[in-house]
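> The sequence and its predicted three-dimensional model are supplied below.
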Amino acid sequence: MKNITIKIQGMGCQNCVNAVTEELSALDGVSKVNVSLENACAEVEYDESKVNTDKMFETIKELEYEPSL
C-alpha cells in the first residue's frame with residue numbers, strides 16, 4: 001500500500017468533503033480516504049497496482065475541484 005496527500009482547491013463545505021470522500025473511496029484499489037476541509041487535502045491509502053494518481057486527479061476534477069501535489 002502507498003499513501004499520498006492530495007491538495008484540493010475549491011472545497012467549501014462538508015458536502016464537498018463527503019463528495020470527494022465518496023468518489024475516491026469508490027475507486028478500485030483505494031483502501032482508505034481522509035478528506036480535510038480545514039487543510040484542503042485528501043490523504044489516500046491505495047494499491048498502486050490497481051489505481052494511480054492520474055485516476056484520482058481525474059476523479060477530483062470531475063467534481064469540479066482542483067487537485068495538486
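That came through fine.

> CA only for contacts and neighbour counts going forward, please
OK.

> Tell me how many other residues crowd residue 55.
12 (other Cα atoms under 10 Å).

> Surely it forms part of a helix?
Yes: the assignment for residue 55 is a helix, going by DSSP: H, G, I helix; E, B strand; the rest coil.

> What distance do you get for it to residue 12?
Separation of residue 55 from residue 12 (Cα to Cα, to the nearest Å): 23 Å.

> All the helices of the chain, residue numbers only.
14-25, 53-62 (DSSP state H).

> Could you pull up the mean pLDDT of the longest one?
For helix 14-25, the mean per-residue pLDDT is 98.

> do the last one as well
Along helix 53-62, the predicted local confidence has a mean pLDDT of 97.

> residue at max distance from the center of this protein?
Here the chain reaches farthest from its C-alpha mean at residue 49, the gap being 17.2 Å by Cα atoms, centre = their mean.

> Spatially nearest residue to it, not counting backbone neighbours?
Closest residue in space to residue 49, ignoring its immediate chain neighbours: residue 29 at 7.7 Å, by Cα to Cα, 6 or more residues apart in numbering.
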